[in-house]
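*Asks:* what follows is a predicted structure for the sequence shown.
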Amino acid sequence: MQITVSTITLDEALLQGRKVALIKINAEGTEMHVIQGARSLEANNPDMAYIVEFGPSHLKRVGHSIEQWLAAFTDLDLTYKGD
């Protein structure tokens with residue numbers, strides 16, 4: 001069975017100029033799409049942090065490489081901080 005779901009970006013969902021300190025993303029390998037839809041949000045909140053799950057098996061399932069996933073974040077000049 002296939003289900004069609006309407007989606008919007010974070011830039012569309014949040015009011016322009018809204019201050020955001022933290023975004024948690026759990027998108028099962030499609031985190032790259034989420035951050036692409038938050039470019040204005042990122043630009044308006046340069047100190048904003050992300051909590052993101054890194055799941056190689058999820059990336060493989062959706063057809064993304066680890067390198068593509070990492071590049072999506074480093075292209076935004078985001079820095080990894082973890083345990």
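*Replies:* Thanks, I have the structure now.
*Asks:* just the CA atoms of the lowest-mean-pLDDT helix or strand in the chain, as PDB, please.
*Replies:* Least confident helix or strand of the chain, by mean pLDDT, DSSP states H and E, is helix 66-74 with a mean of 87. Only the C-alpha atoms of helix 66-74 are listed here, as PDB (Å, rounded to 0.1, in the frame of the first residue of the first chain):
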ATOM      1  CA  ILE A  66      27.700   8.700   4.200                       C
ATOM      2  CA  GLU A  67      29.700  11.300   2.300                       C
ATOM      3  CA  GLN A  68      26.600  13.000   0.900                       C
ATOM      4  CA  TRP A  69      25.000  13.100   4.300                       C
ATOM      5  CA  LEU A  70      28.100  14.600   5.900                       C
ATOM      6  CA  ALA A  71      28.500  17.100   3.100                       C
ATOM      7  CA  ALA A  72      25.000  18.400   3.600                       C
ATOM      8  CA  PHE A  73      25.900  19.500   7.100                       C
ATOM      9  CA  THR A  74      29.500  20.700   6.400                       C
END
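*Asks:* list the buried ones in it?
*Replies:* Buried residues in helix 66-74, counted by 16 or more other Cβ atoms under 10 Å: 69, 72-73. Every C-beta, even on glycine, is put in place using the N, C-alpha and C of the backbone.
*Asks:* show me the contacts for the closest residue to Leu76 other than its chain neighbours.
*Replies:* Spatial nearest neighbour of Leu76, excluding adjacent residues (Cβ to Cβ, 6 or more residues apart in numbering): Glu42 at 6.1 Å. Residues near Glu42 by Cβ atoms under 8 Å, 6 or more residues apart in numbering: 35, 48, 76.
*Asks:* how near is the residue nearest to Thr9 when sequence neighbours are not counted to Lys81?
*Replies:* What sits nearest to Thr9 in space, not counting adjacent residues and going by Cβ to Cβ, 6+ apart, is Gly37, at 2.9 Å. The gap separating Gly37 from Lys81 is 23 Å, by Cβ to Cβ, to the nearest Å.
*Asks:* sounds good, over and out.
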